[in-house]
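In: build the 3D model from these lines:
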Amino acid sequence: MQTYVAQKPKTLGKVLIGLGLFFVFLLLILPLTLIFVSAFRSGWELFVSNLLDKDMLAAIRLTLFVALLTVPVNLVFGTLIAWCVTKFQFPGRKLLIAFIDAPYAISPVVAGLCYLLLYGNQSWLGGWLDSQGIQIIFAWPVIVLVTIFVTSPYVARELIPLMESQGSEEEEAAMVLGASGLLMFLRVTLPNIKWALLYGTVLTTARAVGEFGSIAVVSGAIRGHTNTLPLHVQLLQQDYNSVGAFTAALLLASIALLTLILKTIFEYFQNRKLSVTSHESKISANTSG
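Out: This next block holds a predicted model:
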């Protein structure tokens, strides 16, 4: 078995590393620094005044409310879909996997337009809902619906490769020993996928909080009612309130940085789990041999 030892980069390698660091600074670090500096450039009092503005607080509440509804739905259905396509073979399985990836390929603006056409007053469904006094378009329900759509692949896409690599031997052994389906999931499956599940949940939360395109189409961006935090950044910039816009952007950037930290932590534990599992499999194979 060959062992590869990492070598120190030569001249070309150093140049490429330097270019990579330069572009990271130019495209990531510099804009984030600009957001933080611009939010506080007019003083702490103006920052707090913009932060406590009633429209800003309404946008924050709506954004968190949408995320709190979106994440559990994707958590449950993402886990169920991943379980379905990895533990069973059935006609249309590959088609179902393709549908899982559809939100990656479809523009959020197009998704928002589809929901607008489906639930708008001009459609039969939207007209019937309106006659029943149920408002979907230009209200929080449609914001939740489009956010669920654009974030739906994240949990499933994190779980499917992991569950495929783990196989079904442990679940089959638990069933042979008499475990129920729920007990098997809680005692066998869940501990094996928990870090990937948390990783997918973090990505879903970040995407839900930062969604702009689809919500801009269906929400109407009504101040204090259907205006999420990303939309509020645009409205404040259009009002020439740059400090307020950077204040809202600072909140989104802070959430993004927190997401990055959590993502790194969960990736570490997930890779560690995979390494331990791979090592145990090799030991088992050598023992059997």
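In: and the strands in the stretch 51-200 of the chain?
Out: For the stretch 51-200 of the chain, applying DSSP state E, counting those that start in this stretch gives no strands.
In: any regions of it where pLDDT drops low?
Out: Along the stretch 51-200 of the chain, segments meeting pLDDT under 70 are nowhere present.
In: just give the number of residues close to the nearest residue to residue 65 once chain neighbours are set aside.
Out: Nearest residue to residue 65, sequence neighbours excluded (Cβ to Cβ, 6 or more residues apart in numbering): residue 140, at 7.1 Å. All C-beta atoms are positioned from the backbone trio N, CA, C, and that covers glycine. Using other Cβ atoms under 10 Å, residue 140 has 17 other residues around it.
In: likewise residue 83?
Out: 18.
In: and residue 239, by the same measure?
Out: Residue 239, neighbours per other Cβ under 10 Å, totals 10.
In: from now on call the first residue 44
Out: Understood, numbering begins at 44; the last thing we discussed is residue 282.
In: contacting residues for residue 261?
Out: 155, 158, 159, 162, 180, 181, 185, 186, 189 (Cβ atoms under 8 Å, 6 or more residues apart in numbering).
In: what distance do you get for the last one to residue 126?
Out: I take that to be residue 189. 26 Å (Cβ to Cβ, to the nearest Å).
In: what helix or strand does the residue nearest the centre of the chain sit in?
Out: Centroid-nearest residue in the chain: residue 247, 2.1 Å away (criterion: Cα atoms, centre = their mean). Assigned by DSSP states H and E, residue 247 falls within helix 233-253.
In: downstream neighbour of that helix in the secondary structure list?
Out: helix 256-261.
In: so residue 270, which of the three states?
Out: Classification of residue 270 using DSSP: H, G, I helix; E, B strand; the rest coil returns coil.
In: pLDDT score assigned to residue 317?
Out: What the model reports for residue 317 is a pLDDT of 62.
In: list the contacts for the residue nearest to residue 298 when sequence neighbours are not counted?
Out: Distances taken as Cβ to Cβ, 6+ apart place residue 252 nearest to residue 298, at 5.4 Å, with adjacent residues excluded. For residue 252, the contacting residues are 106, 107, 110, 272, 295, 298, by Cβ under 8 Å, 6+ apart.
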